[in-house]
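A.B. asks: fold the following.
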Amino acid sequence: MEKDFQSAPKRFWQTIRRLRRGKHGYIQAVYDNTTDNTTDNITDNITDNITENITENITDNITDNITDNITNNITENITENITDNITENITDNITDNITDNITENITDNITDNITENITDNITDNITENITDNSQKTSQITSQKTSQITSQITSQKTSQITHRKHHR
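C.D. replies: Here you go, the predicted structure:
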């Protein structure tokens, strides 16, 4: 604007018309009624506002990004650790239970089989021995009975013969 304030309204409206038509020219300076250069004040204010807004936006974005990254990392780590621990515990428990069940079943089966085999073998051996002993006893009894009968018969015959001779 001009310093003489009489042509100021004319210059002002020329600038407005030029801006409305899309023709942008370079404004060198705008003065207020105290003849201070308001362009510098506006530029300083705009620069301060832009700097403040950019700083605030950058700070907010950095804070948000850091917060999001930390939250995501913590969430991922916690989730991964919980998943790993649960999986490990489940695997350990399943493995322990399977091992215990298999061991118990094998032990029970082995014990049952050994007991059954021992019992069967002992029973078979005892039965066989009893049968053998019974047969041997029967043979011995038969032999002894024959011997005794033979001796008795022989003695009785001898006595009868001896009595007959003495008579």
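A.B. asks: can you report phi and psi for residue 7?
C.D. replies: The phi/psi pair for residue 7 (degrees, to the nearest 10) reads phi -90, psi 0.
A.B. asks: next, count neighbours for it.
C.D. replies: By other CB atoms under 10 Å, 12 other residues sit near residue 7. Every C-beta, even on glycine, is put in place using the N, C-alpha and C of the backbone.
A.B. asks: measure how far the longest helix seen in the chain is from the centre of its chain, please.
C.D. replies: Taking DSSP state H as the criterion, the chain has its longest helix at helix 38-166. Its chain's average C-alpha position is 21 Å from that of helix 38-166, according to CA atoms, centre = their mean, to the nearest Å.
A.B. asks: do the same with stretch 151-167
C.D. replies: Chain-centre distance of stretch 151-167: 103 Å, with CA atoms, centre = their mean.
A.B. asks: just the CA trace of that stretch, in PDB.
C.D. replies: Provided in PDB are the C-alpha atoms of stretch 151-167 (Å, rounded to 0.1, in the frame of the first residue of the first chain):
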ATOM      1  CA  GLN A 151       7.500-162.500  50.000                       C
ATOM      2  CA  ILE A 152       4.400-163.200  52.000                       C
ATOM      3  CA  THR A 153       3.300-165.900  49.600                       C
ATOM      4  CA  SER A 154       6.800-167.300  49.700                       C
ATOM      5  CA  GLN A 155       6.900-167.300  53.500                       C
ATOM      6  CA  LYS A 156       3.500-168.700  53.800                       C
ATOM      7  CA  THR A 157       4.300-171.400  51.300                       C
ATOM      8  CA  SER A 158       7.500-172.100  53.100                       C
ATOM      9  CA  GLN A 159       5.600-172.300  56.400                       C
ATOM     10  CA  ILE A 160       3.000-174.500  55.000                       C
ATOM     11  CA  THR A 161       5.600-176.700  53.400                       C
ATOM     12  CA  HIS A 162       7.500-176.800  56.600                       C
ATOM     13  CA  ARG A 163       4.500-177.800  58.600                       C
ATOM     14  CA  LYS A 164       3.600-180.500  56.200                       C
ATOM     15  CA  HIS A 165       7.000-182.000  56.600                       C
ATOM     16  CA  HIS A 166       6.800-181.900  60.300                       C
ATOM     17  CA  ARG A 167       3.600-183.500  60.500                       C
END
